[in-house]
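>>> Here is my input, please return the structure:
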Amino acid sequence: MSAKMVRTTIIAILTAVLISVWLLWLRLEPSVSPDDVSLRGKLAPIASVPDVKPLNGETQVAELTVNRLSAGTTSPAGIDSWYIYVPGTQSTQTRVLEEPQSDVLKPAASDAAALTQEVQTMLQQIGVSVTAGELAEPFMQYTGARGSYTAQALLKPHPNAAVQPAAKQEAYAIYIHRERKWGRDVSWTKAVKLES
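Down below sits the predicted model:
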């Protein structure tokens, strides 16, 4: 075998390996897909929710039930955050109903500008016109190990809101799964309308 044939064979093998790796990289999927997570949300007057007492002028309670459906999704790779959007309100307290300790729900501090952009984009896709300035509430990140949980946020009227909360309004919970695999962003965002 001549040196030229050896060199050509090596280049052909390396090219085939690189193309295979590139094709695999393009097909990477998140550890948790949008179909693996079911969301249900509701919005209610605070007076109608037992065991919840307003401490700081709260008038509404938003609840988001997150259920990771597939096996092995109790501790997914990546970061899962959620955001409650109710026009004219601000969140004062959040908690996970199934977890007595308060440290399983934390503000998602990393990359708040990117999270705000993702929420704004998702709301615009479902027909809600909103500015980044209206999305000043904290994004919450669940750090517990449960596959399913119910998060609760107490809401009060925002003092600087252009829109005051109404009895019937378009309210949403947005769930954001952020994950990178081999340098590729495989994140996704999902929204659910809060039922009144």
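>>> which residues does the residue positioned nearest the centre of the chain form a beta bridge with?
Centroid-nearest residue in the chain: residue 176, 2.0 Å away (criterion: C-alpha atoms, centre = their mean). Note on residue 176: beta-bridge partners by DSSP bridges are residue 81, residue 189.
>>> Would you confirm that it contacts residue 117?
No - the pair residue 176 / residue 117 is not scored as a contact, 10.7 Å apart, by C-beta atoms under 8 Å. From N, CA and C alone the C-beta is placed, and that goes for glycine too.
>>> Now do the SS call for residue 154.
strand (DSSP: H, G, I helix; E, B strand; the rest coil).
>>> need the next SSE after the least confident helix or strand in the chain by mean pLDDT, C-terminal direction.
Lowest on mean pLDDT, DSSP states H and E among the helices and strands of the chain sits strand 105-107, with a mean of 65. Going down the chain from strand 105-107, the next helix or strand is helix 112-125, by DSSP states H and E.
>>> how far does that following helix sit from the chain's center?
Offset of helix 112-125 from its chain centre (C-alpha atoms, centre = their mean, to the nearest Å): 10 Å.
>>> before we move on, what about stretch 25-42?
Worked out by C-alpha atoms, centre = their mean, stretch 25-42 lies 10 Å from the chain centre.
>>> Let me see the mean pLDDT of it.
In this model, stretch 25-42 has a mean pLDDT of 84.
>>> Now that stretch: buried residues?
Using 16 or more other C-beta atoms under 10 Å as the test for burial, stretch 25-42 gives 30-32, 36-37, 39, 41-42.
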